[in-house]
Structures are given as structure tokens and as C-alpha cells.
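S.K.: Whatever this is, show me its structure:
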Amino acid sequence: MTDQDSYTQHERPGTLVRYLDVLHECQSFMVEKFTELFREMFSSMDDFMLGLAENAETNAVRNHCFEVMHEFLLRQTDIQRTFTNEINRGFVNFSQGKVEPLRSVVRATNVDQLSLIEKDDYEISLAYANILHRANNEYSAHLFALNHRLAVVNGGVKLGEYNPALPGSPAQVCDALQTALEIIDIPISHKIRVALVSEFDQRVLHQAGALYDAFNDRLIKAGVLPNLSLEAIGYKPGGGSAEGQAAQEGRAEEPVQPQEAARPEENESSLDREIFHSIQEILARRHMHPAQFGGTMATAAQTNLPDLLASLNTLQVNVPPISRQQMAHLPLDAVKAAFAEQVARLGELVKEQQINSADADIIDLVGMLFEFILNDNTLPDSVKALLSHLHTPILKVALLDKKFFFRSKHPARRLLNTMTQAGALCNADEADEQGIFAKMQSIVDEIVHNFEDNTEIFTLLLEDFSEFLEGFSRKSKVVEKRVVETAKGRERLREARQAVSQEIVDRTWNRSLPKAVEELLLGPWANLMVLTNLRSGPDSEEWKQALGLVDDVLWSVEPKRSESERQQLKERQQKIDEAIRKGLAVIGDPEVNTNALLADLAACQRAAMEMPDESVAPAAPKERKKVPPPPPKPIWEDVEVETPEAREHPFLRDADPVLLAIVDELKALKLGASFEFTDKDKNQKLRAKLSWYSPKTSYYIFVNQAGIQVAVKSLRTLAMEIRRGETTIVPQARKPLMDRALETIYTLLHSPDESDLGAQDARLSVRP
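M.R.: Numbers count the residues shown, from 1 in each chain. This is a model prediction of the structure:
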């Protein structure tokens, strides 16, 4: 008999009285947080279901997606309440010493037997088993600690990490989802259920780590095993997953490579070496004619390197610290001014040191390198401000090892290249403490405070940063994929709105409509047409009938000057009313008063029939100046429409060549292009990349480094912002920073007229 069976047959005594308060506190916290995550998931359920409908293989599947979406909308409150109650019930059962077997546990422990059940049920069961297995592995340390602490709380009975009695465990949370979905009245296909399980894993279970941390922390603060050592009680990190074992096996099979230092020549770039030596030769010419270049020739035969490094260490740690918030709002001119002060202090230090010409050139060259960084338009200003603090440490590296300039695998060079590449999309004002900028700031702080003369620190920091970027990239790709899928669903909705808006504009833009007709056609009937377009498509019979009703309504309120027209309207009135009632019943909007709409429409139709007979000669009309009709207005703000005569984007009709060139550039952009937006109200800049573009509605979706959507802009808005200078397209570097910097410095110094040399690099020189 298993532990689970024994716990099912015999009730435990429940929570000890002295721990009831802390358990209630933990219960309130966990129930509240899981409910928030579940509510956030459901807040975007429309977008999620639209995405499924967009990818549906048949109309039947697409219609089913819309039916489920409608049912979710109607039962959203009940679903969320059921989910919350189930999480809450797990804690109540634990406090009372009760155990109710959960289906998720059965699924997780009997995956091999799942093939014996129906195929559809098998896929659903396997989906739950997979996310539960992943969550139990990912949070194994948290659950292991909770198991031991809750054993104290309930009087010494250890539950086991995957036991159904463990309150708030992944098994209970998965079971709560299953129970919540069971209240839906209509059957839900297994494919939608499997997709929902995956979405639940991403939106809820993937966020649970912090909750289990907080659960443990509350127990620790209450004195429940505060000094618990997982190693001492036999905990082994969860490497038992298939992925973990495969990774271990893969590493074991890799051949052992010789150390990098054993073959340094293979890591050197002959081109970089040539450029570096050419720069050295150009700088050396100044020693022959020092007065021409505003300097004095260094006379020391040998640099007193220990003294120089000691002075640089003092200079390094005395650089004033700057917060991330300050970096986010620091103007580039201020960054350059602060760097100039660093260079000036270095210049004063150099005056007092014994430095030979070669090392003096290294000092100049590092100064030029950081001048290049400060002028590199591929980097945001905040990253430039951060990296400027590495000037003195990098100078020390270059003085200790001149191969820094031409050895591509040099750890300090690679770290600088990696940080500038990763920092191209950084936003210092983002609150994410786990973001790339925060990580880069910690690396810079580590170097500034701990690097003296042991360059091994760059190897360790490079490995740490590379590992961080790999994990960050995986997470951001998952988030971005979800953003794009959601965006496609929204764009499908926007496309449907645009189609409806354009069809109605084509029929009404130059007419004067009665208010009742406007309220009907531009309100509930337009919403019905959007739903019809999404469900059945623009080629369906349902769509044609919805458009036909628009034509019928417009015809019914036009003046009926002959008896035959009036008789025809009387015969068609009831049919029009029935079609409107039937259509509005589909959307089921409680705020739409169908009877009132039809009564107002009937009044308009009666007015149309009361027009004088065409056989009676009308009075001669007064001559009036023709006033052109106003331009059409879209029904929804997120779409643009135009008159039937002009289908081009309205803002392009009178656009100047500059704006047209911007539009052409935007249309030619590839996904992944970088943009910088200026928020004048907040006096800050935001960097993002183009993640997706809708060719039908001309809307652009932008995400930040974490894959989170930060902006949605139409072609019109984007082009106008670029024209006004509020938004810029950021050039993307195709080469690592050091390669670009050395090539630029060489080009700058290699002037045909040597008389230009002093003017070109005098501002970079730190020598007197």
C-alpha cells in the first residue's frame, strides 16, 4: 500500500492550533495570488481564442472557437469563482486533516497507462501530466521544503512533495483548472482544452515559483524550521527530468577541448592585428613631431606599471556612482561631460607617472574606443552612461595585455562586445530587476569595485552573463511568441472592423442619415457584421445577408414618392424587422434595446412614405451652394477608411516627398528592426524592436527585450512621428563593437593630410 493510499483511508489530525494563524495567512496569500494570475489569464481569453480561430483548419472549428469564446465571456465570473474555491478548499482540507485524491496526481503517476483510454482524453490527460511533471521538477526544491515545514504544522505527518494533501501544490492548481472548466455548459473540443492547458502553464504555473518562495518565507518567519538544510535531509536537485538527463549525457559525450590559452594564435584576427599596428604607427608619428599635435613626447624608456595600476585603481573606485533611474534620464551631453571629467583626471594622473610612448598610445587608444562608444548611435544613452564607467578598468586590461585589441576571444573584449550587443535595446527605466540592464549594471559594479590586476574576473563575468542571456532569450522568445499570436488575433478583429467600416462608409458617406438609422447601422448591426466576418468570412452567405440588410434599411428610409414604392415598403417592412431581430439576438448585448431601435426605424420609414406624390409638381427649389460631404469617419478608432473614389491611405494623398520616403522605408523594414520612441511628457526614450506587421491594416507591433508588447502604432502614426523626430529607426550593428571601433579609429587617423591628425584626435588624447 502506497503512502497516498494510507493517507486516503485514514484522516490526519489536522493543523496544530498554534500554527492556525500562520496557515490562514499563507492560505489568504496563495489563494489571492493564484486567483490574480488566473484572472489575468482570462482577461486576454478573447485574444487567445481569436488566435485559435485564426489558425482553425475548417469553418466548423472556427465557429466552435467563437462559441467557446462566447461561453467563456458569459461564465467568466463563475469559472474564476470555482477556481478560487478549489484552491481555497485544498487549504481547508489540509487544516482539517482531510485528503481528497486529485485527478492530476493520477495523471502524473500513470502516464504509461494513458494509452488505454480514448484518444482525445489521452491527449488532454497527457497535457496535464506534462505541465505537472514540469512544474514539479522546476519547483522541486520549494515543494520539498514545504513538505517538511508543513509536516511540522500538521503534527509531524510528512506529506510528500506530490501528495494531494499539499495545499497550493501544482497538482491542486491543475485540478482547480479542470474543475473550473467543468461548469461550462457546452462541450469543448480536446484541441481547445489542450491549448488551454498550455496557456494555463505559461500564464499561471510558470509564475508560481515566487508564490512558493513566499509560502516558505511565511512559515520561516513563524519559526517553522527556519534553519532547514535541504542537503542535510537528503534533497537532490531535480535533474531527473528527461531534459536534464539528456543535457548531462550530451555534456558527457563532448570531447574535452584544450584550454583557450594553449592556442592563442587561433583566437587572433590578422585583420585586427594589422589595423592595430597601423594605428600604433600613426600614433607613433606624433612622437617625432610632438609640437605639431599639441603634445609632448614621452621620454620614459619603461613604464612603472605597478605604480600606474595602483593610481588607476584609485581613479577607478572614485568614479561617482549613478543610479539606474538617473541613467534613464541623463542627457547624452551630460554623459559625455562626465566622461570628459574622467579623462581629465586621468590626464592629471599621467603627468605624475613614468610612462613610455607605447603605453601612452594605449591610453590614447582606449580613450578613442570609449569616445566611439559614446558616439555610437546603435546604443541607447543609458547604456553609454553605464559603459563609460568601464573606461579605467578596460585601460588597465589593455596595459596588462595589448592582445586585447586584436585577440577576438579575449574575455574582456568579448564581454564588452556582448554587453554592447545585448544593450542595444535596453531601457534603463524598466522596473524589471531581472532584466538585461540591471544585470549589466551589476557586472559593471563588480568590475569597478573588485578588478585590480587579475583579468580572470572578465572570464567569470562573461560566462555568467552569457548564461544569463541564454536563459533570458529563451523566456523572451516564449513571451514574444505569445504577444505575436495575440496581436494576430487582434489584427483579425481589426481587419474585420475595417471591412465592416469600409462597407458601411461606401454606402453612407455622402448621405444624410436619420439618427435612428445611424444608431442601428453604426452600432449593434456593425458589431454583428464584425462577428459574422470573423465566424464565416467575407465570402459567406451570412456576410452577404448582413450587407443586404444594410442596403434594405437605407432603401427603406429614402423618400417614397410613388404609390408603388410605398406599397413595396409596406410589404418588406416586416421582413426587415424580423431580420434585424434575428441578427441582434445573435450578439445578445443586454444594452441594446431592439424594440426601441425598431420603433425609431419605423418612424423614419413612415416619414419616408409621407413624401408628396411625384405626380404633383414640386415647388422650384432655391439655388443652394453645393457643399462637399465631409470625409467619412470610421466606426472604430483603430481603423482607417476612405471614400470609394480614393482607396489610398488618406494622409498620403497630399504627402510631401520626405513623408513618402519614410513610408517606403517603413514598408521595406524587416522584422527585428530597432526603434527608439521619445516620450516628451516623461522626458525619456524607449527602445523596442518590430515584432510583427499587419499588411492589411498597416499596424506595427513593438516589443522590448523581454518580449513584452510596448507599442502598437499605425503606419500613419509611425511615419508622422519619424517626420517630427519623435521616433527614429535605430541602425543595427552588423559587426561587434571592437571591430567597428578599431576600423573607425583607423579611418579617422589615417588621413591623407597629416596636418588634420592633430585636430581629429586632440580631443581624445589624455597626454599633456
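S.K.: those helices in the stretch 351-500 of the chain, which residues are they?
M.R.: With DSSP state H, counting those that start in this stretch as the criterion, the stretch 351-500 of the chain has helices at 357-375, 381-387, 391-400, 411-422, 436-450, 456-508.
S.K.: Can you tell me which of the ones you listed is most buried?
M.R.: The highest average neighbour count among the helices of the stretch 351-500 of the chain, using mean count of other C-beta atoms under 10 Å, belongs to helix 381-387 at a mean of 25. C-beta coordinates here come from the backbone N, C-alpha and C atoms, glycine included.
S.K.: In a markdown table, list the helices of the stretch 351-500 of the chain along with distance to residue 345 and mean pLDDT.
M.R.: Supplementary listing: the helices of the stretch 351-500 of the chain in a markdown table, determined by distance: least, C-beta to C-beta, whole Å; pLDDT from 0 to 100:
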| stretch | distance to residue 345 | mean pLDDT |
| --- | --- | --- |
| helix 357-375 | 12 | 89 |
| helix 381-387 | 17 | 90 |
| helix 391-400 | 9 | 91 |
| helix 411-422 | 22 | 93 |
| helix 436-450 | 15 | 91 |
| helix 456-508 | 23 | 87 |
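S.K.: Tell me which of those helices approaches residue 676 most closely.
M.R.: Proximity to residue 676, assessed across these by C-beta to C-beta, is greatest for helix 381-387 (9.7 Å).
S.K.: Where in this protein is the helix or strand with the lowest mean pLDDT?
M.R.: The helix or strand of the chain with the poorest confidence is helix 242-253; it has a mean of 35 (mean pLDDT, DSSP states H and E).
S.K.: Now do stretch 410-423: everything it contacts.
M.R.: Contacts made with stretch 410-423 from outside it, assessed by C-beta atoms under 8 Å, 6 or more residues apart in numbering, are listed as 267, 373, 376, 378-380, 383, 386-387, 390, 394, 397, 401, 403-405, 407-408, 436-437, 440, 443, 455, 458-459, 461-462, 465-466, 469, 733, 736-738.
S.K.: circling back: out of the helices of the stretch 351-500 of the chain, flag the one nearest residue 38.
M.R.: Going by C-beta to C-beta, the one of the helices of the stretch 351-500 of the chain nearest residue 38 is helix 456-508, 16.4 Å.
S.K.: and the helix or strand following the closest one, how far from the chain's centre?
M.R.: Elements were assigned by DSSP states H and E; along the chain past helix 456-508, the next helix or strand is helix 515-521. On the basis of C-alpha atoms, centre = their mean, to the nearest Å, the separation between the geometric centre of helix 515-521 and that of its chain is 40 Å.
S.K.: swap in stretch 200-209?
M.R.: On C-alpha atoms, centre = their mean, the centre of stretch 200-209 falls 16 Å from the chain's centre.
S.K.: just stretch 71-88 next, same as before
M.R.: In this view, stretch 71-88 has its centroid 27 Å away from the chain centroid, taken as C-alpha atoms, centre = their mean.
S.K.: Repeat that for stretch 56-69.
M.R.: Taking the mean C-alpha point of stretch 56-69 and that of its whole chain, the gap between them comes to 28 Å (C-alpha atoms, centre = their mean).
S.K.: Touching stretch 524-537 from outside, list them.
M.R.: Residues from elsewhere that reach stretch 524-537 (C-beta under 8 Å, 6+ apart): 50, 53, 59, 62-63, 66, 492-493, 496-497, 499-501, 503-504, 540, 542-543, 546-547, 549-550, 580, 583-584, 586-587, 589, 592, 597, 635.
S.K.: who's in contact with stretch 67-83?
M.R.: Residues external to stretch 67-83 that are found in contact with it (C-beta under 8 Å, 6+ apart): 34-35, 38-39, 42, 45-46, 49-50, 53, 176-177, 179-181, 183-186, 188, 192.
S.K.: now residue 189: how far from residue 58?
M.R.: Residue 189 sits 12 Å away from residue 58 when distances are taken as C-beta to C-beta, to the nearest Å.
S.K.: okay, the two: which has more neighbours?
M.R.: Neighbours per residue (other C-beta atoms under 10 Å) separate residue 189 from residue 58, with residue 189 holding more: 14 against 8.
S.K.: how close does the more buried one get to residue 536?
M.R.: From residue 189 over to residue 536 the distance is 19 Å, taken as C-beta to C-beta.
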